[in-house]
Each structure stands twice: as C-alpha cells, then as structure tokens.
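Engineer: prediction below, plus the sequence it came from.
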Amino acid sequence: MSSNLKLDWCSYAAAKFAVLHYHYSKHMPDSKCVKVGVWEDGTFIGAVLFSRGVSGSDLAKTYKLKTTEICELSRVALKAHKAPVTQIVAIAIRMLRKFCPGLKLVISYADANQGHVGSIYQAGNWIYTGESASVPIYIGKSGRVYHDRSVSTSGVKEHYGRMSSCPKKKDLTIVKQKPKHRYFYPFDDELRKRIVAKPYPKKICGESVVSDTPGFQLGEGGATPTSPLHSSSKSLTGAKN
C-alpha cells in the first residue's frame, strides 16, 4: 500500500511521545539528539533519533575518526505504518547527512534480548560488524530499568563531566543481557574499505523487517501531538532538546 510519507525535524516532546508509546525501551537517550519526526497521510506516526551514543568514543579511536564524525541511530520509534522501515530510516539518514555534513559513520544496535537480529539494517545494506560486549541491566524496586552506565557501587557517578548521585548497585536487581548485534553505515568510501564485514546473523523464525519496532498501541497518538521544531544547530553535540 502506498502512503503520503513525510519526514521533518520534530520537537523533543514529539520524539519523547514516540519513544514512550512506540519503542520497547520506553526511554529517551541520555545524550542530546537529532530528532526526525515521521508523518504518514498527515498523521504523526513516530520518530527516528540520532545521538552520540555511549560507544562512539571507543569506535572513533578504533577507526581514527573524530567523535564529531560518528553518531548512533539510537531509536526507531514507530506505530503501525504503511511505508517500509528501511525507507523511513534511509530518508532520515539523508536528512542527517545534509544537516551534519562532517559525519562519516552511523552505528546502530539490534537488541538480541528483544529477539532482534537487525533485519531493517540488513535490508538497508548496512555492514554487520559482530556483537557488542555483554552489559547487564539493573531493575529497581519500582520496576524501573537502569543501564550499567547509570548506576554505581558508591551511588555517585560522573555524567557528562559532572559528578552526580545515582542508584547503588546493591539496591538493585542485576539482570544479565545477551550481546547486541552491531551495524555500521559509513558515508566515507575509504572508511568503508577499512571496515571488516561479517555475515549477517540469521533471522529468528517469524521475524520481519519491521519487527525491530513495536506495533501500534491502541488509544495513543494523534495527528500532531506537538509542533515540529527546526533546530539551527549543525552538530549532534549542539542539537536542541
């Protein structure tokens, strides 16, 4: 089925709405983001988010890139839609590349703990580079989930250059996690030649190319939950929240 698809910059509020309602994590990235809203037939159906990511610094060193030349596709949060996810992601990446002309590499992860192998990245011809390190998550008494980078033994941790309080590990339940599948989308031809590609992991039985994004949740959404907001920034570091 064809649809009238439109992508444009959106506000933090619109992106958060999409993540809370249409993404399994229910959590916005901790760092500042570039936020691309998605509309179909005039209805807001979600957002695609790019951020610096937690592994950008290490990967930048590995591939001799500046931290400003690498970013992460951190959220694809969509409700039920007609357009292929690969088409939506491809348009969002073109927008990002024009918005941040210095970028050379986009990375993304498929969460094996959710049964994902990265079908949308395989369909989009991304390069598979293997699995990331296995990092546990922590669950509080209220059921809130914390990433390893958000907790510490002492209850204090450095966050973006400043020390701040955080939950103590002893007060949380630790849950081991499977490694995630890592994919690269290089813009630079020379960089592409230096990336060692590995065979794509096989799909889990019944997985489709849209399974990395959850389906529509009844009773949520609307044509325009918030107004689009154009950012004047030209870097992910300065992207408006």
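Structural biologist: Nice, thanks for sending it over. Numbers count the residues shown, from 1 in each chain.

Engineer: from Lys180, how far out is Val145?
Structural biologist: Distance, Val145 to Lys180, using C-beta to C-beta, to the nearest Å: 15 Å. Quick note: C-beta positions are derived from backbone N, CA and C, even for glycine.

Engineer: which parts of this protein are helices?
Structural biologist: 12-22, 56-62, 85-99, 119-123, 189-194 (DSSP state H).

Engineer: Val145 and Lys180: which has the busier surroundings?
Structural biologist: Lys180 (20 against 14; other C-beta atoms under 10 Å).

Engineer: residue contacts, that one?
Structural biologist: Residues in contact with Lys180, defined by C-beta atoms under 8 Å, 6 or more residues apart in numbering, are Tyr109, Ala110, Asp111, Ala112, Asn113, Glu131, Ser132.

Engineer: CSV for those, including distance to Glu190 and pLDDT?
Structural biologist: Shown next, in CSV, are the contacts of Lys180 (distance: C-beta to C-beta, whole Å; pLDDT from 0 to 100):
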residue, distance to Glu190, pLDDT
Tyr109, 24, 90
Ala110, 26, 90
Asp111, 30, 83
Ala112, 31, 83
Asn113, 34, 79
Glu131, 25, 90
Ser132, 24, 82
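
Engineer: any idea of the pLDDT on the one residue sitting closest to the centre of the chain?
Structural biologist: Centrality entry for the chain: nearest residue to the mean C-alpha point is Ser74, 1.2 Å, by C-alpha atoms, centre = their mean. Note for Ser74: predicted pLDDT of 93.

Engineer: residue contacts, it?
Structural biologist: With contacts defined as C-beta under 8 Å, 6+ apart, Ser74 is in contact with Pro29, Cys33, Leu49, Phe50, Ser51, Gly53, Ser108.

Engineer: counting neighbours, what do you get for the closest residue to Ala133 other than its chain neighbours?
Structural biologist: Closest residue to Ala133 apart from its sequence neighbours, by C-beta to C-beta, 6 or more residues apart in numbering: Pro179 at 6.5 Å. Pro179 has 15 neighbours, counted by other C-beta under 10 Å.

Engineer: Pro179 and Lys26, how far apart?
Structural biologist: 22 Å.

Engineer: low-confidence regions, this protein specifically.
Structural biologist: 1-2, 54-56, 159-161, 204-241 (pLDDT under 70).

Engineer: give me that answer again for 50
Structural biologist: Counting by pLDDT under 50, the chain shows low-confidence ranges at 207-241.

Engineer: how about the strands in it?
Structural biologist: 5-9, 33-40, 43-51, 70-78, 105-110, 127-131, 137-139, 145-147, 156-159, 162-165, 173-175, 181-186 (DSSP state E).

Engineer: dump the C-alpha coordinates for the fourth one into PDB.
Structural biologist: Extracted as PDB, the C-alpha positions of strand 70-78 are listed here (Å, rounded to 0.1, in the frame of the first residue of the first chain):
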ATOM      1  CA  ILE A  70      30.400   9.300  14.300                       C
ATOM      2  CA  CYS A  71      26.900   9.000  15.800                       C
ATOM      3  CA  GLU A  72      24.400   6.400  16.700                       C
ATOM      4  CA  LEU A  73      20.900   5.700  15.300                       C
ATOM      5  CA  SER A  74      19.500   5.200  18.800                       C
ATOM      6  CA  ARG A  75      15.800   5.000  18.300                       C
ATOM      7  CA  VAL A  76      13.300   4.000  15.600                       C
ATOM      8  CA  ALA A  77      10.000   4.500  17.300                       C
ATOM      9  CA  LEU A  78       7.000   4.000  15.000                       C
END
